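Q: What follows is a predicted protein model with its sequence.
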Amino acid sequence: MPHSKRVLVVGSGGREHAIAWKLAADGAEVLIAPGNAGTATVGENLPIAVDDIRSLLDVAIKRKVDLTVVGPEVPLVAGIVDAFQAKKLRIFGPTADAARLEGSKAFCKKVLHRGDVPTAAYREFRSGEKAREYLEAREETPLVVKADGLAAGKGVFVCSTRDEALAAVEALADGGQSILIEERLDGIEVSVLAITDGRTIVTLPPLQDHKAAYDGDQGPNTGGMGAYCPTPFVDAAMLAEIEEQILVPTIHAMKRGRTPFQGVLYAGLMLTPQGPKVLEYNVRFGDPECQPLMALLKSSLLDLLDAAVDGRLEEVEPPEWKREAAVAVVMAAEGYPGSYPSGHPIRGLHEAAEVPGVQVFHAGTKRVDGQVETAGGRVLAVTATAPTLPQAKLQAYTGVRAIRWIGGWCRKDIADKGIRRERELAARDEEVESR
Ligand code: AMP
Ligand code: GLY
């Protein structure tokens, strides 16, 4: 019998629990650094921080790791892939140069321009003063003001008026980074992710994230309060268009710019009246988008990532997906996305896991004296698969209701936009048939 592959997963969120869970199901022996209480049930947690590249490298050598999979963007932008490759270690993810696609919004815009990929028109300013002058000189329109670098969701201001845009420039001016001012796009936002070896892409089913904290997309921006897959806002024809006009030209533009891209290319898209346009690229799986994707993936993730790392995606069969829908509901600590307490015992995890189709992926959790406690803002992603989207939503929230801790909360409307859209499409079809 061949020895099972040993995989190191870097990260500690719901995304990494989902990746580790799937890799373990694919037969891999999984190490997670640093992991959480959930990852400890599918592999071995190692107490190493995601940005401690030196120690991650040491452990990968010492433990004879066959493949490393990086969850978050911070170590990618910091060069973890370059460090591993220099030691001939196999690692899934882009180099630091390629990770600038997420790490620098100005770099991203240049790549999009090179690839002739649809995106919002923009201007880059090296100083707050120049940005201010520009705003004062032009007529008032809805704009978006962004800091160039990684800002964990805090560097983007979507503005309706000139005064709002000026205030955003003021807030960013002391950051020492370039400021981008771009046209505000209106429409439906969706996420399309692809796995690529730098030449071939494998597009994953389209999703919709819920970034606002509260129901009805109200309140502050968060890392994501829930996601569902597949989203009816992107049909097969539109997915093919996104692949041909957005993903493939981006991969080619990265190659032409001598920053070939291997890893997950995650497009944040706005579906505008003129067609899909890129809002941003991420260079990793989304969190919580990864959780529904892993729940739906039937074929081996391990084989897919191995092929991407070895540059032979062209040779592998396309992945197989369950013909179902998946919904992930994030349960958060009181106060998130602001400050929040930790250390509250979580009850009902076993009951939730017994709901048909439900997987409870952990994010900010920790095991203390045999008891799982909260240890972060986003605590769990309760993920369900079922034959239809409304059923998947129902199962996910049945799981949610079994779980409780002091102050724990979630959005109640995850997947509702998709469910409404499906109803509209069905009504339209009926109307056509009855004519
Ligand atoms: P980014 O980090 O660039 O994706 O921005 C975060 C969020 O800001 C996106 O998910 C959108 O909701 C919003 N956003 C960014 N750019 C634009 C734009 N040009 N028009 C409208 N909304 C935007
Ligand atoms: N859910 C959005 C992200 O992972 O960036």
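A: Yes, it's here. Ligands and ions are numbered 1, 2, ... in the order given.

Q: near ligand 2, which residues of the protein show up?
A: Within the chain, the positions lying close to ligand 2 (Cβ under 6 Å from any ligand atom) are 209, 223, 224, 282, 286, 287, 289. For the C-beta atoms, the positions are set from N, CA and C on the backbone; glycine is no exception.

Q: same thing but at 5 Å, please
A: 209, 224, 286, 287 (Cβ under 5 Å from any ligand atom).

Q: where's the residue of the stretch 101-250 of the chain found nearest ligand 2, which helix or strand?
A: Here the stretch 101-250 of the chain gets closest to ligand 2 at one residue, residue 224, 3.2 Å apart by Cβ to the nearest ligand atom. Residue 224 belongs to no helix or strand when assigned by DSSP states H and E.

Q: before we move on, what about residue 108?
A: helix 105-114.

Q: Name the residues that touch that helix?
A: For helix 105-114, contacts defined as Cβ atoms under 8 Å, 6 or more residues apart in numbering pick out 100-102, 117, 119, 122, 124, 146-149, 178, 180, 250, 253-254, 256-257, 278, 280-281.

Q: buried stuff in stretch 227-241?
A: By 16 or more other Cβ atoms under 10 Å, the buried positions in stretch 227-241 come out as 227, 228, 229, 230, 231, 232, 233, 234, 238, 239.

Q: Output the residues you listed in JSON lines; the columns should cover pLDDT and secondary structure.
A: Formatted as JSON lines, those follow (pLDDT from 0 to 100; DSSP: H, G, I helix; E, B strand; the rest coil):
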{"residue": "227", "pLDDT": "98", "secondary structure": "strand"}
{"residue": "228", "pLDDT": "98", "secondary structure": "strand"}
{"residue": "229", "pLDDT": "98", "secondary structure": "strand"}
{"residue": "230", "pLDDT": "98", "secondary structure": "coil"}
{"residue": "231", "pLDDT": "98", "secondary structure": "coil"}
{"residue": "232", "pLDDT": "98", "secondary structure": "coil"}
{"residue": "233", "pLDDT": "98", "secondary structure": "coil"}
{"residue": "234", "pLDDT": "98", "secondary structure": "coil"}
{"residue": "238", "pLDDT": "98", "secondary structure": "helix"}
{"residue": "239", "pLDDT": "98", "secondary structure": "helix"}
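
Q: residue ranges of the strands in the stretch 301-435 of the chain, please?
A: 325-332, 358-362, 365-368, 371-374, 378-386 (DSSP state E, counting those that start in this stretch).

Q: State which helix of this structure is the longest.
A: Counting residues, the longest helix found in the chain (DSSP state H) is helix 416-434.

Q: close to ligand 1, is stretch 64-79?
A: No. Stretch 64-79 lies out of reach of ligand 1 by Cβ under 5 Å from any ligand atom, never closer than 11.2 Å.

Q: Show me what counts as buried in that stretch.
A: By 16+ other Cβ under 10 Å, the buried positions in stretch 64-79 come out as 65-79.

Q: Mind checking which of these are in helices?
A: 73, 74, 75, 76, 77, 78.

Q: with these in mind, which one is nearest to ligand 2?
A: Taking Cβ to the nearest ligand atom as the measure, residue 73 is the one of these closest to ligand 2, at 8.2 Å.

Q: how much space between that closest one and residue 237?
A: 31 Å (Cβ to Cβ, to the nearest Å).

Q: What of residue 201?
A: Distance, residue 201 to residue 237, by Cβ to Cβ: 18 Å.

Q: again with residue 422
A: Between residue 422 and residue 237 the computed distance is 17 Å (Cβ to Cβ).

Q: next one: residue 368
A: 51 Å.

Q: Same question for residue 161.
A: 37 Å.

Q: Bridge partners for the residue of the stretch 151-300 of the chain found nearest ligand 1, pull those for me.
A: Nearest to ligand 1, among the residues of the stretch 151-300 of the chain, is residue 280, at 3.2 Å (Cβ to the nearest ligand atom). Under DSSP bridges, the beta-bridge partners of residue 280 are residue 268.

Q: give the contact list for it.
A: 102, 105, 108, 268.

Q: So which bits of the stretch 101-250 of the chain are right by ligand 1?
A: Within the stretch 101-250 of the chain, the positions near ligand 1 by Cβ under 5 Å from any ligand atom are 120, 144, 156, 158, 182, 184, 185.

Q: same thing but 6 Å
A: The stretch 101-250 of the chain comes close to ligand 1 at residues 120, 144, 146, 156, 158, 182, 184, 185, 189, 211, as judged by Cβ under 6 Å from any ligand atom.

Q: Might you report the residue contacts of the fifth one?
A: Remark: with contacts taken as Cβ under 8 Å, 6+ apart, residue 158 is in contact with 142, 144, 184.

Q: which SS class is the most centrally placed residue in the chain?
A: Nearest to the mean C-alpha position of the chain, counting by Cα atoms, centre = their mean, stands residue 286 at 0.9 Å. Assigned by DSSP: H, G, I helix; E, B strand; the rest coil, the conformation of residue 286 is coil.
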